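Asker: give me coordinates for this.
(chains A and B)
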Amino acid sequence: MSFFGFDPVLPERRAPAQAADEDIAVYTWGTEEYGDLGGQLVEGGDEANDETFGDLTIGGDFQFANHAPGQTLASTTVNKPKKKKATGGDLFASTEADFFGFSKKSTKPKTNISQKPSSVVISSSSTKPPTQQQGLWSTPAPSAAFQAAASQVASSQPAASALPAARTLAEIEQELLANRARQPMTLEEIESEMRRNLTVDAPQVPSGVAQGQVQDGFPQPQGYQAQFPAVGRTFPALGGQAQNAQGMFGQPMQMQQPMYPLDSRGPPGLAPGTTANPTSRERMNAELEQKIRETEVAEGKRRRKAEKIAGMARYNGIMTQGDKEFITRIQLSQLVTDDPYASDFYAQVYSALAHQRRTAAGQPAPAPGPTGATVLPVTSGRGLGVGVSRSTGRKLRDNAMQRMTMQVKRIVENAQQRQKSAPTATLQGALGKNKLRPTATAPRPALQVTSSSRNTVNQVPKTGEQPSAITSVLGAATGTTQRQPLTRKQVLGRLEELFEAVLEVEQIRRTQPPLPPQNEEQMQRMGMTPVEVEQLIKRGQEWSQAVQGAVDTLWRKLMVQEPLEISNPHPFIALLGPIKGHRIFSRVIRHFDHARNLTMVILLLACFPQLDVVRNAPSPTLTTSALLSAPELAARQQKEREFESFSNNVINIMIGVINQHDLKMIAGMVNLCLERWDMKTVLSTRPGLALITSLLARGTILQQGATDAANPTPPSAADIQQWDQAFMTLLHTLLPILSSLFPSTRAQATAFGPNASFEAQMETRDEYEGIKMDVLDGEVWGLCTMLAAQATGDDTTFLVLNLRDKIRYTFNSAKHGWVSPQRGEIRLKNVDAFLGVLGMNVSMLN
Amino acid sequence: MDGPDIPTSVNEPLDLVKLSLSERVFVKLRGDRTLQGVLHAYDAHMNLVLSEVEETVSIIDVSEDGVAQGVRTAKRNMDMLFVRGDAVIMIAPPSS
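Answerer: Just a heads-up that it's a prediction; the model follows:
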């Protein structure tokens, strides 16, 4: 508000503000401290009163006050400030200082000293002979008398402010009196001189300038009086009070003040004789005119500003701190909801993520809130969602939060009580439907659509009802009920339902009531009565029932229990088509128990070939992406995204589940895969490859007698035998196709036909994609390595024989520089891993 | 025709948009603009949040005497985009 440190407050208004705060003598006129001294003054100076004020017409130059003749100096000086304190000045005193926030010390007391009396003088001008008044303040003539008077004024003020002795004051008065005796003469002289000067100039200067000079340079009484009503109008609100009016009149005069030095500078320049040159005079006039205009503009600005400030200042300090807090409470109580998690879901998730990120980054994670949660509980089940705070200023914030929580709690409780106690039952509905919550927080929905489908599971009985229109996809041979596979829209719709269901489960889980104490001692420590414990137990039971119900709903919605052959793809598999389906899988799995998770994984294994990522897996190609058209490229990228998402959200979690089971179960899973998969197709895809590899890895580890938490005892002989059998079958299924599983081989086959020689240098030209291809090859090498690790006797030989060509080609391509060194390195590493398991080494190939 | 246990939970037009959440959508906007991107959020005003957006602006060059000179298209890509609903004319699932 203050530009360049300029103090925008009118000096006049500062004075009372200071008077209130600082113990400066000048401002304590009229207070007790000064009262005594004033009394002394009066006593001491009474004899001189006649001399001082006597019968003489008092000029306005006596600037202490606009006292009437006969009044004592003391009485006037005592009275004046009193008035001012009671009026406008005081009204703005503390408020404005607050408003602008500047230090009160920055205002200079000296300006106040000299300006205060001036306002007094001028405000009284309507009752005084104006010419004399001008003599002191407006006459621009550099008359000796004026300067003397001015210097007197300047010197007398500090003297007065320093509480001078009566004697000094009398001296000053005498001096002033002497000055005044001379003054009318000089004034008239100057004035007439000026007028003469003006009339001489008049034909040359534009009339507007002349007028301005007359008005500004030699203010006429009319000029002043014309301004006062205008000023009065600008402050209509304040002008009503007589005292205020006087205070306000002083203010515009202050605004005018800056003009005086300018005006007083002008006329000397125009003084006769000194400016003989008419052009320079004209220039002077023009300058003067310009300056006047500038000053007027500046003054206008100042006035507008002052008006604004005055307008605003009326509202300063209207609200107490208590009022403000009351309003804050009202506002906050609007934010309290029954379900702080759901109604502030995004903020909650965001703060959770931010929390995680900060923890991961090793930074000290701030406690989310005073209660260690991101929700401020107000009453049970209700609360106010708050995010995780920044680490700075946390303590402060927590304190504020605690206080706020208390306040909001109070207001919410009050509202509830009022609601209970108010005898509105009879009146309810008398004025139409009355909403408890305001429309701001609960706006009326634009469309009143009932969402009937929400939270309802339309499980149609599966037996005895077979839609006639359905044509079987798999043929009727299986004998089970068959349906059309889900349409894409159905899948998407069901996924949305699933997300809602998951959110509901998560929501219910969050509202877990505290655990009841386990024994007497604990109960006493927690300060609970048996009844309370009973209630707590009951609440816990209700809660777990609610969780169970929600989880069951979720389970049903996943459609895992549908018959295996009900459709192709199975509904559950169809749900895993879109990327968001992958996400839901990783999200639901933690809500289900072991058995359900196993069911899901087995279903997934059984129907694995039906999966989108398997069925529509991209075939490897030597074509570099540079040759692809934009849509092809987009499709390829989309496929890659889908695979990434699937492997992150589904495969990894499946592996997690698989790793919890024993060898027997793993063997069963391998058998299931053998039974239901077209190995060549499935293992040509990365998800299938990853799954089989991890199954093998798990089996190998368990077979070798490893135990872990999920598997406390080593597998029995029968289990091992079962596993060996499953492995043998798998190995013999894979042996013939193993070499054709490599993406590089398949890519070459597609490009050059199935019989293309391995020795041909058929490499993709693109380095980046080549590396990618080699890495993919590495995944197949990984499977081969797993097989080699388990294979025994002749099988090992067969394995090596089957892969001999591939091994040699890969080795040669790396050694002979058919590919870049980087790719060669990857290839060698791949082969080396495989050979290492067999107890061989790459170097042996030489 | 529909699978019997899959209710089509479409009660209002915007429920269809819901099905396209986290899917690629095609959005037609006022001012000859179209967007393709992954839909993350929407509201009743059809304000949208999209990611991986490709915006296509069709520009018709007009000569001084008002004759259309043909249509150019300008494209740009954005990672994340908020679309104010008042510009949305149409939201469609991807053409595939």
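Asker: all strands for chain B, in order.
Answerer: B:24-29, B:33-42, B:48-62, B:68-83, B:88-92 (DSSP state E).
Asker: tell me the angle the shortest one makes with strand B:33-42.
Answerer: Strand B:88-92 and strand B:33-42 meet at an angle of 70 degrees, taking axes from the mean of the first three to the mean of the last three Cα atoms, to 10 degrees as the criterion.
Asker: which other residues reach strand B:88-92?
Answerer: B:V17, B:S20, B:V25, B:F26, B:V27, B:K28, B:L29, B:R30, B:L39, B:Y42, B:M46, B:L48 (Cβ atoms under 8 Å, 6 or more residues apart in numbering or on different chains). Any C-beta I mention is one placed from the backbone N, CA and C, and that applies to glycine too.
Asker: if we use 7 Å, what do you get?
Answerer: B:V17, B:V25, B:F26, B:V27, B:K28, B:L29, B:R30, B:M46, B:L48 (Cβ atoms under 7 Å, 6 or more residues apart in numbering or on different chains).
Asker: buried subset of the residues you listed?
Answerer: Neighbour counting over the contacts of strand B:88-92 (16 or more other Cβ atoms under 10 Å in any protein chain shown) leaves B:V17, B:V25, B:V27, B:L29, B:M46, B:L48 as the buried ones.
Asker: from these, pick the one nearest A:E644.
Answerer: Checking the buried ones among the contacts of strand B:88-92 against A:E644 with Cβ to Cβ, the nearest one is B:V25 at 20.8 Å.
Asker: the closest one and B:L39 touch, don't they?
Answerer: Yes. Look at B:V25 against B:L39 with Cβ atoms under 7 Å: they come within range, at 4.7 Å.
Asker: can you put the strands of chain B in CSV and add mean pLDDT?
Answerer: Shown next, in CSV, are these (pLDDT from 0 to 100):
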stretch, mean pLDDT
strand B:24-29, 94
strand B:33-42, 93
strand B:48-62, 92
strand B:68-83, 91
strand B:88-92, 94
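Asker: any chance of a markdown table for these, columns distance to A:P516?
Answerer: Formatted as a markdown table, the strands of chain B follow (distance: least, Cβ to Cβ, whole Å):
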| stretch | distance to A:P516 |
| --- | --- |
| strand B:24-29 | 50 |
| strand B:33-42 | 41 |
| strand B:48-62 | 44 |
| strand B:68-83 | 47 |
| strand B:88-92 | 51 |
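Asker: relative to A:V349, which of those is closest?
Answerer: strand B:33-42 (12.4 Å).
Asker: excluding its backbone neighbours, what's nearest A:L492?
Answerer: B:L19 (3.8 Å; Cβ to Cβ, 6 or more residues apart in numbering or on different chains).
Asker: again with A:F646
Answerer: A:F646 sits nearest to A:V613 (Cβ to Cβ, 6+ apart), 4.7 Å away.
Asker: beta-bridge partners for the residue nearest the centre of chain B, please?
Answerer: Nearest to the geometric centre of chain B sits B:V27, at 0.9 Å (Cα atoms, centre = their mean). Residues in a beta bridge with B:V27, per DSSP bridges, are B:L35, B:I91.
Asker: do you know how far it is from B:I59?
Answerer: Remark: distance between B:V27 and B:I59 (Cβ to Cβ, to the nearest Å) = 18 Å.
Asker: who's sitting farthest from the centroid in chain B?
Answerer: Extreme point of chain B relative to centroid (Cα atoms, centre = their mean) is B:D65; 33.4 Å.
Asker: what residues does that residue make contact with?
Answerer: Counted by Cβ under 7 Å, 6+ apart, B:D65 has zero contacts.
Asker: and it, its phi and psi?
Answerer: Main-chain dihedrals, B:D65, degrees, to the nearest 10: phi -90, psi 20.
Asker: so how far is A:G793 from it?
Answerer: Distance of B:D65 to A:G793, given as Cβ to Cβ: 90 Å.
Asker: which helix or strand contains the residue of the stretch 501-650 of chain A found nearest chain B?
Answerer: Per Cβ to the nearest Cβ, the residue of the stretch 501-650 of chain A with the smallest distance to chain B is A:K580, at 4.4 Å. In this structure, A:K580 sits in helix A:579-588 according to DSSP states H and E.
Asker: and that helix, which residues are buried?
Answerer: Residues A:I579, A:K580, A:G581, A:H582, A:R583, A:I584, A:F585, A:R587, A:V588 are the ones in helix A:579-588 that count as buried (16+ other Cβ under 10 Å).
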